[in-house]
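# What would the 3D arrangement of this be:
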Amino acid sequence: MRATQDRPVPAASGKRSRRMAAILDLLAERGSITLPELAQTLGISPATARRDLADMNDQRLLVRTHGGARMLESRNELPVALRDTRFQEAKRAIGAAVAEAIPRQRYAVALCGGTTTASVARALAGHDELTIVTNSLTIAQLVTVHPQLKVVMTGGILRPESLELVGVLAENTFNAINLGTAIVGTDGMTAAGGVTTHDETEARTNNAMVTHAQRVIVVADGSKIGRLALAQVATTQQVDLLVTDTSADPEALEEIRAAGVEVRVVDPAA
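Purely as a prediction, here's the structure:
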């Protein structure tokens, strides 16, 4: 259904959100795609593909073309609402593993935004006396329902793609405190490039978090390992532990281990 001034595009269902995320993944790989290619690749009817492309064009997720679609030039990351539907089992397993590594005592933990760090936040609900410092509206909302957890939010400029507060105000908050552990999500991690993200302002904010933490844990599903994004959040030398899942490239993981990072691989099916 096309959006109008009086009738906005309805929110996508879980199944449709996963399909829309898959369409954006295909466009990220190919740059453009035809309607028949899309229908065949995803195993959907041409009519369904046509409706998806029309709605995604209205939501400015892609550019509809005659006979297909192309990637929107300004878009280099998935909106958080779509990212949350991907690799859910892996992210839950990663979250549980990281929660086990956090002391069950009075302790300060920082979490940046992202769906994998959100899984960590959910898993931390069983802890007592934690102070959670975050620049993520999503994570603050998840944590605030647990009264035993204290929440500290940064200020900053809101990024609609990730629902994170970034910029000087957020950086000043992290610069003013000491953290036991910083838990950082990523758009890509390699041994040579370190921890990277698509947005340079977000990278600077998260780097301030990393710099003021005694320990840094990177959480990333296997699709992020071996990939390099635009802006560096942290060097490999700043990372103490990487927690990922069994889909990660073994060669890339070995290179990260060789760079001095402890690597923990979880099995989502276990």
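# OK, contacts around Arg92?
119, 123, 268 (Cβ atoms under 8 Å, 6 or more residues apart in numbering). Bear in mind the C-beta positions are built from the backbone N, C-alpha and C, glycine included.
# make it 7 Å
Ser119 (Cβ atoms under 7 Å, 6 or more residues apart in numbering).
# Can you show me the CA trace of the host helix or strand of it as PDB?
Using DSSP states H and E, Arg92 sits in helix 88-100. The C-alpha coordinates for helix 88-100 follow below in PDB (Å, rounded to 0.1, in the frame of the first residue of the first chain):
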ATOM      1  CA  GLN A  88      18.000 -13.500  16.400                       C
ATOM      2  CA  GLU A  89      19.200 -16.800  17.800                       C
ATOM      3  CA  ALA A  90      22.800 -15.900  17.400                       C
ATOM      4  CA  LYS A  91      22.300 -12.600  19.100                       C
ATOM      5  CA  ARG A  92      20.400 -14.200  22.000                       C
ATOM      6  CA  ALA A  93      23.300 -16.700  22.500                       C
ATOM      7  CA  ILE A  94      25.900 -13.900  22.300                       C
ATOM      8  CA  GLY A  95      23.900 -11.900  24.900                       C
ATOM      9  CA  ALA A  96      23.700 -14.800  27.300                       C
ATOM     10  CA  ALA A  97      27.500 -15.400  27.000                       C
ATOM     11  CA  VAL A  98      28.400 -11.800  27.600                       C
ATOM     12  CA  ALA A  99      26.100 -11.600  30.600                       C
ATOM     13  CA  GLU A 100      27.900 -14.500  32.200                       C
END
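# Quick check: pLDDT value at Ala28.
pLDDT for Ala28: 71.
# And for Ala97?
97.
# Just give the closest residue to Leu142, not the sequence neighbours.
Ala121 (4.8 Å; Cβ to Cβ, 6 or more residues apart in numbering).
# Go through stretch 143-159 and flag the buried ones.
143, 146, 149, 151, 153-154, 156, 159 (16 or more other Cβ atoms under 10 Å).
# for stretch 89-108, that is, sorry about that
90-95, 97-99, 102, 107-108.
# One more: stretch 172-187?
173-174, 179-187.
# which other residues reach it?
77, 98, 102, 107-112, 114, 116-117, 120, 133, 154-155, 195-198, 206, 208-210, 212-220, 224, 229, 233-234.
# Also stretch 110-124?
80, 83-84, 91-92, 94-96, 98-99, 102, 130, 132-136, 138-139, 142-143, 162-164, 179, 182-185, 206, 209, 213, 219-221.
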